[in-house]
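J.: turn this into a model:
(chains A and B)
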Amino acid sequence: MRPAILIAAALAILPPAALAAKGHVHGAAALDASLEREQMVLSLELPLDAATGFERAPKTPQEKAMLDETARYLNDAARVFSPSPDAQCSIHSVLVRVPFLDGKAKADDHADIAASYVFRCARPAALKSVETTLFRQFRRLYRIEVQQVGPNGQRASRMAPKQPTLNW
Amino acid sequence: MSALLSILQLAVRSAWSRRGTLGLMLASIMLSTALLLAIERVRVDTRQSFRQSVAGVDLVVGARTGGTQLMLHAVFHSGSGTLPLRWDSYQAIATHPATDWALPLSLGDSHRNHAVLGTSADYFRHFRHGDRQPLRFREGRPFDKLFEAVLGSEVAEQLGYANGQKIVLSHGLADGGALATGHDDKPFVVVGILAPTGTPVDRTIHVSLESITALHLDWVAGTPMSGFSIPAAMVGKFDLTPKEISAVLVGLKQRTDVFRMQRFVNEFRGEALIAVLPGVALDELWQAIGIMERTLLGISALVVLIGLCGLAATLLAGLNERRRELAILRALGAGPAQIFALLMIEGLLVTTAGAVLGAVLVSLAGAFAAPWLLSAFGIVLNAGLPSGNEFVLLAGVVGTGLLASLIPGWRAWRMSLADGLTPRA
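T.: Below is the predicted model:
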């Protein structure tokens, strides 16, 4: 037997939810970040609730405006993420999917926003970090769980309002 | 310069005359420093060893359970088992365009406390450890027929096996005692022994997936069927494609495809699967263990602090006995600054010696404990001199020791000449 004490203890204190691939947790977003040569891909998934405070079709003009503003903000990649300037990154493509934007109702219990950004960096070696304004924009967002794959292999990290930076 | 030297000489001689008390202080500082360094070293080396074991694997796939649990079971063969996944799910993953290689893993049997891993012969070609090094054979070759086994280096060493040795596997974790339900009707022959890797591979017995299926052909519901058995020579006539396996290790053509592949697996329609990035799962594990580690490190730092407080107390208490000694020194012309230096040097000597001896103790203990840590926990302990953070900790110990000696130094400074020379009634 190999009763690895560390492991057993860790399993005991890890809540299963933290282990599951990706659940829907209000206030928490998930970010997949990959860096290969000059290309950096950031794929964000966040509960609609974190951005707007509701997870259904908008009912009032204010709610509709909120949804529109969310989509506008997320589509402006340069506003959402700022990579280290030395890396000379530019936006290559942006794909944002905000539910209920077309006014159609959905039967699901939960709704998520998906946004993915492709950056091209002229000097990827100089890419040390990426800062985000997501926490400033969305007050109901408390943390972003990050899965990173880059030149140094795989890593998990966490961004929070006090630490809104992704380090490479 | 020569003044300082003479003070140093004086300090050493004075300390030597009180070697009993100071020796005990030295021992307590040495032990507490050793504890602090040992905790730091095990912490760093554990992470290092775990990371080295998953060097080349992009994804670990299994039936949906906790990600960390799946990874620990598939890569480290520890923790409780996970649910099986179906063979056709494996095939869907293996034939995905992004997949470079996919190694099926079947765990569950054992041989004298060593895990038996059923896999494909590709395992020896694709598995990487450490700094992406491939597996090497110390002797022999990979298995290519039924009932052939390849041993990890430590299995061979511990059990004294060589090529050609016949071994019997047991079902589950029984260690070959009288109660074990065995596979003694179908012995395996050792055809290869791997070179040491410092990973769980060393403690594993590798056989082909087909052998695992063949072993359990005449088994129903976890026990042998009574009155019925299929002889080893006959099993080749059956379809030995497994129906279920424990997990899959996946290597991708392009590392950055990992999220696409993860999504493919997590949303797989055939059955509920989960794909884990091993590097990410390890980080999550460390995040969870981090609190415990910091607590341990904090406690051992407190132990060091207690040791240094003891040092300060001893030096302070010693001042009373040394009134005469210090008064004579002053009468001979030593200024208060020199008396202060004397005390500081003494404290610094004891702390530094304690810290250095503690580091030596850890290195020695590490050298002795390394084989045990490796076999019991799979942790490769780096023997040798302190490095990185350990130096910071050592400097912290000596610095705090210096601070602690300030108190008796200050008291000695303040002590008046008259105090020691006036005999009291």
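
J.: which secondary structure state is assigned to residue B:382?
T.: Of the three states, residue B:382 takes coil under DSSP: H, G, I helix; E, B strand; the rest coil.

J.: stretch B:139-153 near chain A at all?
T.: No. No part of stretch B:139-153 sits close enough to chain A to count as contact by Cβ under 8 Å from any Cβ of the partner chain; the gap is at least 12.9 Å. C-beta: built from backbone N, CA, C; applies to glycine.

J.: only alpha carbons, please: show that stretch as CSV.
T.: The C-alpha coordinates for stretch B:139-153 follow below in CSV (Å, rounded to 0.1, in the frame of the first residue of the first chain):
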residue,chain,number,x,y,z
GLU,B,139,17.2,-5.3,-19.6
GLY,B,140,14.9,-7.2,-21.8
ARG,B,141,12.1,-5.8,-24.0
PRO,B,142,8.5,-4.6,-24.0
PHE,B,143,5.8,-7.3,-23.6
ASP,B,144,4.3,-8.5,-26.9
LYS,B,145,2.5,-11.7,-26.0
LEU,B,146,-0.1,-12.7,-23.4
PHE,B,147,1.2,-13.2,-19.8
GLU,B,148,4.4,-11.3,-20.2
ALA,B,149,5.3,-8.6,-17.7
VAL,B,150,7.7,-5.6,-17.7
LEU,B,151,8.8,-4.5,-14.2
GLY,B,152,9.6,-1.1,-12.9
SER,B,153,13.1,-0.8,-11.5
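
J.: contacting residues around that stretch?
T.: Under the contact criterion Cβ atoms under 8 Å, 6 or more residues apart in numbering or on different chains, stretch B:139-153 has outside partners B:114, B:121, B:124, B:137-138, B:161-163, B:167, B:186-197, B:201-208, B:210-211, B:214, B:232, B:235-236, B:240.

J.: now, these that are in helices?
T.: B:124, B:210, B:211, B:214 (DSSP state H).

J.: among those residues, which pair sits farthest apart?
T.: Comparing all pairs in the ones in helices among the contacts of stretch B:139-153 by Cβ to Cβ, the longest separation belongs to B:124 and B:214, at 20.2 Å.

J.: re earlier: what about the ones in helices among the contacts of stretch B:139-153, which one has the most neighbours?
T.: Of all those, residue B:211 has the most neighbours under the rule other Cβ atoms under 10 Å in any protein chain shown, reaching 25 neighbours.

J.: compute the number of surrounding residues for residue 134.
T.: Unless you meant another one, I'm taking chain A. 24.

J.: wrong chain, I was asking about chain B
T.: Neighbour tally, residue B:134, other Cβ under 10 Å: 12.

J.: now do the longest helix seen in chain A, average pLDDT.
T.: The residue-count maximum for a helix in chain A (DSSP H) belongs to helix A:61-75. Average pLDDT, helix A:61-75: 92.

J.: buried residues of stretch B:4-16, list them for me.
T.: If you call a residue buried by 16 or more other Cβ atoms under 10 Å in any protein chain shown, then stretch B:4-16 has these buried ones: B:7, B:10, B:11, B:14, B:15.

J.: okay if I get the ones in helices among the contacts of stretch B:139-153 as TSV plus pLDDT and distance to residue B:155?
T.: As requested, the ones in helices among the contacts of stretch B:139-153 are exported to TSV (pLDDT from 0 to 100; distance: Cβ to Cβ, whole Å):
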residue	pLDDT	distance to residue B:155
B:124	92	15
B:210	90	21
B:211	89	16
B:214	85	21
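
J.: as TSV, those residues with distance to residue A:123 would be great.
T.: Shown next, in TSV, are the ones in helices among the contacts of stretch B:139-153 (distance: Cβ to Cβ, whole Å):
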residue	distance to residue A:123
B:124	40
B:210	51
B:211	52
B:214	57
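
J.: now flag whichever of these is closest to residue B:401.
T.: For the ones in helices among the contacts of stretch B:139-153, the nearest to residue B:401 is residue B:124 (53.2 Å; Cβ to Cβ).

J.: the closest one touches residue B:136, doesn't it?
T.: No. Look at residue B:124 against residue B:136 with Cβ atoms under 8 Å: they stay out of range, at 9.2 Å.

J.: now the element after the longest helix of chain A, going C-ward?
T.: helix A:77-80 (DSSP states H and E).

J.: from the contact counts, what lies against the longest helix of chain A?
T.: helix A:48-52, helix A:77-80, strand A:89-97, strand A:112-121 (3 or more Cβ pairs under 8 Å, 6 or more residues apart in numbering or on different chains; DSSP states H and E).

J.: low pLDDT regions in chain B?
T.: B:1-2, B:79-81, B:172-182, B:218-237, B:375-378, B:383-385, B:416-425 (pLDDT under 70).

J.: for residue B:349, what are its contacts?
T.: When the contact criterion is Cβ under 8 Å, 6+ apart, the partners of residue B:349 are B:11, B:12, B:15.

J.: find the closest residue to chain A in chain B.
T.: Nearest residue of chain B to chain A: residue B:279, at 2.6 Å (Cβ to the nearest Cβ).
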